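*Asks:* I need the structure of the sequence given here:
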Amino acid sequence: MKHIPRRIAKLCVPVVAATAIQPAVQAAPPAAAPAKRPNILLIVADDLGYTDLGAYGAEIATPNLDRLANTGTKMTSFYASPFCSPTRAMLMSGSDNHLVGFGDMAELITAEQRGKPGYEGYLSERVVPMPQVLKDAGYRTAMAGKWHLGVKEEYSPANRGFEQSYAMVIGGASHWGDQSGIVAVDPDKPPKAVYRENGKEIDIPRNGFFSSEAFADKLIEYLKSGEKSGRPFFGYLAFTAPHWPLHAPDADIAKYEGRYEEGYDKLQQERLERMQKLGLVAAGTPVYEGHPQWPRWESLSQAEQASEARRMAVYAAMVDNMDRQVGRVLDYLKSTGQLDDTFIFFMSDNGADGNSVYDVARTREWIHKDFDNSIANIGRPGSFAEYGPGWAQVGMTPFKLYKSFMYEGGISVPAIAWGPGIEGGAVKRGFAHVTDVAPTIFELAGTRHPGTEYQGRTVLPLRGKSMLPYLQGKARQVRGDDEPVGWELGGRKALRKGDWKIVYANKPWGKDGWELYDVARDRTESRDLAAENPQKLGELLVAWKDYVAETGTLELEGLAYRPGYSNAGKYYEDLKVEAAQKPRAAR
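*Replies:* The predicted structure is shown next:
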């Protein structure tokens, strides 16, 4: 067996919003196993921003998720990775992404990383995945949606504990039935998205397919098929919405036409005011208004503004549609008498996405050659448009930056817990982490992770901690103040200990050096205290070195500067080209 890096014993620390600083307390002992094991429904949105749900301040219609948030527990300081597959790897494993195969995105692994332990690009055999643990405990396990934890059949959901699965196994795809992929190596050979049902590659229906609806359909179908089994279920609904390309049915887009014509600043102010009314942020909270790299709304041409307004309308339609599909699953559970016995956890996999795939390989050539991104066609079949940094920054109000960064805007995500025993109508401001989901679900299910050995092989233990006492109102926090948590991806880094956080980002996004923030008082990371408090900076850097050693994280010089997706700077150049496009029929 390959060397497994020394594992950290103390993983994470509590984070509290500026609106409610909580004293450190010891976590309550684990709750007793339930007399009746609940069903478990895990829902993940793809690239959903922190403020993109009504319950978090959005103008978008999300009544089903809002109802879960308002009658369950709404979390304001839940953290993920800044990218999708590392988050999903931690979600399925309860361990750090550098240990379980996703020290970097599989699509972006460099020559220096390739072949190193923890950088396999698929969910490692050192992991006993959440569905496998639950299957072994007698749960029926089913999933529909995005997998992104290995493309080959041996790494598919069917071989990682899911008895039934309908999975888009790559990082993204068209939401329509054309089965188009998202990255082109050769613009004359369009990429094809890979879907697998129960491990076997399939072609999706060309007509009548829309991703969010199809995934909800499949999950309901799977759950119905096991209704008479007498076994509780674990269902994983992993939407690809609202990940680009921006696609939505015309009827959904029509709800939001004209809504976004006033631009970024106006929408950000509206969302901030709603957040304040909801008690999510305090009055006077500083707001990160956007990186100076990007132009202001008023500097865009009329055509560029029109294209941007259309893109945001399509994005809102995707979120609206996704919420309706959640509602369909909830309606099914209610109609069959299962809803009250179901624990539901909802989260986004990272911050809103202001990056661009156009810079990867020859994708820009392919998009400009094959797609109609004229304003009226954005969102329809035959289009391929992105969301952009302006709207992404609004989606992460009031935080700094967005997906791919270790600032709060990259890793702070909305999260909702609902179900038997979960505190209702609560807003929880303490820190929790994606690695905490698996141990929470295991405790709810009355089972345990096998530890360090499974079926005769050495495996990774859990690193997360159960949130169940916290979600039940029996504990004030998940961890103690002396437990650090680290993040690294693509050369960008962060570590948190107590109320203090260090962050590294390359120029022009950061300072190309460590920054220090007191996030209890300054969660928008507006005041770097590194120069003022070198002692605290040094303390956190010691913890950082421990994290690197214990997770096998590779620190490669210049990695954050590599060209491509997370350093894209040409979004507005592409916007100018596409805003001037004529519909294909008129060319």
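
*Asks:* Please name every helix or strand in contact with the longest helix belonging to the chain.
*Replies:* With secondary structure taken from DSSP state H, the chain has its longest helix at helix 302-335. On a contact count with 3 or more CB pairs under 8 Å, 6 or more residues apart in numbering; DSSP states H and E, helix 302-335 meets strand 39-45, helix 63-71, helix 211-225, strand 233-238, helix 250-254, helix 389-395, helix 571-579. Yep, even glycine has a C-beta here, placed from its N, CA and C like the rest.

*Asks:* hey, which of the ones you listed is tucked in deepest?
*Replies:* helix 389-395 (a mean of 27; mean count of other CB atoms under 10 Å).

*Asks:* Would you mind measuring from the most centrally placed residue in the chain to Ala283?
*Replies:* Nearest to the geometric centre of the chain sits Asp349, at 0.9 Å (CA atoms, centre = their mean). If you measure Asp349 against Ala283 using CB to CB, to the nearest Å, the figure is 31 Å.

*Asks:* go on, Leu123?
*Replies:* From Leu123 to Ala283 the distance is 44 Å (CB to CB).

*Asks:* sorry, back to before: surely the residue nearest to the centre of the chain meets Gly49?
*Replies:* No: taking CB atoms under 8 Å as the definition, Asp349 is not a contact partner of Gly49, at 11.6 Å.

*Asks:* list the contacts for Leu223?
*Replies:* Ala142, Phe233, Gly235, Tyr332, Leu333 (CB atoms under 8 Å, 6 or more residues apart in numbering).

*Asks:* quick one: which of the helices and strands packed on helix 302-335 is nearest Leu540?
*Replies:* Among these, helix 389-395 comes nearest to Leu540, with 26.6 Å by CB to CB.

*Asks:* helices or strands next to the closest one in the packing?
*Replies:* Right, helix 389-395 is packed against helix 264-277, helix 302-335 by 3+ CB pairs under 8 Å, 6+ apart.

*Asks:* export the first one as CSV, just CAs?
*Replies:* As requested, C-alpha coordinates have been extracted for helix 264-277 and formatted as CSV (Å, rounded to 0.1, in the frame of the first residue of the first chain):
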residue,chain,number,x,y,z
TYR,A,264,-24.7,44.3,-10.2
ASP,A,265,-24.7,47.1,-7.6
LYS,A,266,-28.5,47.4,-7.4
LEU,A,267,-29.0,43.7,-6.9
GLN,A,268,-26.2,43.4,-4.4
GLN,A,269,-27.8,46.2,-2.3
GLU,A,270,-31.2,44.6,-2.5
ARG,A,271,-29.8,41.3,-1.3
LEU,A,272,-27.8,42.9,1.5
GLU,A,273,-30.9,44.6,2.8
ARG,A,274,-32.8,41.4,2.8
MET,A,275,-30.0,39.6,4.6
GLN,A,276,-30.1,42.3,7.3
LYS,A,277,-33.9,41.9,7.7
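
*Asks:* what angle sits between it and helix 302-335?
*Replies:* Interaxial angle of helix 264-277 relative to helix 302-335 (axes from the mean of the first three to the mean of the last three CA atoms, to 10 degrees): 30 degrees.

*Asks:* who's in contact with helix 264-277?
*Replies:* When contacts are defined by CB under 8 Å, 6+ apart, helix 264-277 is touched by residues 51, 56-59, 260, 281-283, 285, 287, 289-290, 296-297, 312, 390-391, 393-394, 397-398.

*Asks:* Okay, and which of those map to helices?
*Replies:* Met312, Gly390, Trp391, Gln393, Val394.

*Asks:* quick one, what contacts the nearest residue to Asp186 once chain neighbours are set aside?
*Replies:* Leaving aside its chain neighbours, Asp186 sits nearest to Arg362 (6.5 Å; criterion: CB to CB, 6 or more residues apart in numbering). By CB under 8 Å, 6+ apart, Arg362 lies in contact with Ala184, Val185, Asp186, Pro187.

*Asks:* try 10 Å
*Replies:* Counting by CB atoms under 10 Å, 6 or more residues apart in numbering, Arg362 touches Val183, Ala184, Val185, Asp186, Pro187, Asp188, Lys189, Lys369.

*Asks:* ranking those by neighbours, who comes first?
*Replies:* Among the contacts of Arg362, Ala184 has the most neighbours (other CB atoms under 10 Å), with 22 neighbours.

*Asks:* More neighbours: Leu123 and Ala283, which one.
*Replies:* Leu123 (24 against 8).

*Asks:* what kind of secondary structure is the more buried one in?
*Replies:* coil (DSSP: H, G, I helix; E, B strand; the rest coil).

*Asks:* Any figure for the gap between the nearest residue to it once chain neighbours are set aside and Ala173?
*Replies:* Leaving aside its sequence neighbours, Leu123 sits nearest to Leu149 (CB to CB, 6+ apart; 4.2 Å). The gap separating Leu149 from Ala173 is 15 Å, by CB to CB.

*Asks:* of those two, who's got more company?
*Replies:* Neighbours were counted for Leu149 and for Ala173 using other CB under 10 Å; Leu149 has more, 28 against 25.

*Asks:* Can you show me the strands along the stretch 101-250 of the chain?
*Replies:* 140-146, 164-168, 195-197, 200-202, 233-238 (DSSP state E, counting those that start in this stretch).

*Asks:* what about dumping the CA coordinates of stretch 278-292 to PDB?
*Replies:* The C-alpha trace of stretch 278-292 is given here as PDB (Å, rounded to 0.1, in the frame of the first residue of the first chain):
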ATOM      1  CA  LEU A 278     -33.400  38.100   8.000                       C
ATOM      2  CA  GLY A 279     -30.700  38.700  10.700                       C
ATOM      3  CA  LEU A 280     -28.000  37.000   8.600                       C
ATOM      4  CA  VAL A 281     -25.700  40.100   8.700                       C
ATOM      5  CA  ALA A 282     -25.500  43.000  11.000                       C
ATOM      6  CA  ALA A 283     -26.300  46.600   9.900                       C
ATOM      7  CA  GLY A 284     -23.100  48.300   8.800                       C
ATOM      8  CA  THR A 285     -21.400  45.100   7.700                       C
ATOM      9  CA  PRO A 286     -18.700  45.900   5.100                       C
ATOM     10  CA  VAL A 287     -19.500  44.600   1.600                       C
ATOM     11  CA  TYR A 288     -17.000  43.500  -0.900                       C
ATOM     12  CA  GLU A 289     -18.100  45.200  -4.000                       C
ATOM     13  CA  GLY A 290     -15.900  43.400  -6.600                       C
ATOM     14  CA  HIS A 291     -12.300  43.200  -7.600                       C
ATOM     15  CA  PRO A 292     -10.900  46.200  -9.500                       C
END
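
*Asks:* Which parts of that stretch count as buried, going by neighbours?
*Replies:* Of the residues in stretch 278-292, Leu278, Leu280, Val281, Thr285, Val287, Tyr288, Glu289, Gly290 count as buried by neighbour count, 16 or more other CB atoms under 10 Å.

*Asks:* give the contact list for the last one.
*Replies:* Just to be clear, that refers to Gly290. Neighbour list for Gly290: 264-265, 268, 296-297, 354, 389-390, 392-394, 400-401 [criterion: CB under 10 Å, 6+ apart].

*Asks:* any idea which of those residues is closest to Gly456?
*Replies:* Leu401 (45.3 Å).

*Asks:* if I pick the closest one, what's in contact with it?
*Replies:* 82, 288, 290-291, 351-352, 354, 389, 392-393, 407-410, 505, 509-510, 525.

*Asks:* May I see the buried residues of stretch 278-292 organised as JSON lines, with pLDDT and distance to Gly103 added?
*Replies:* Formatted as JSON lines, the buried residues of stretch 278-292 follow (pLDDT from 0 to 100; distance: CB to CB, whole Å):
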{"residue": "Leu278", "pLDDT": "97", "distance to Gly103": "37"}
{"residue": "Leu280", "pLDDT": "96", "distance to Gly103": "33"}
{"residue": "Val281", "pLDDT": "94", "distance to Gly103": "34"}
{"residue": "Thr285", "pLDDT": "91", "distance to Gly103": "34"}
{"residue": "Val287", "pLDDT": "95", "distance to Gly103": "33"}
{"residue": "Tyr288", "pLDDT": "95", "distance to Gly103": "28"}
{"residue": "Glu289", "pLDDT": "90", "distance to Gly103": "33"}
{"residue": "Gly290", "pLDDT": "93", "distance to Gly103": "30"}
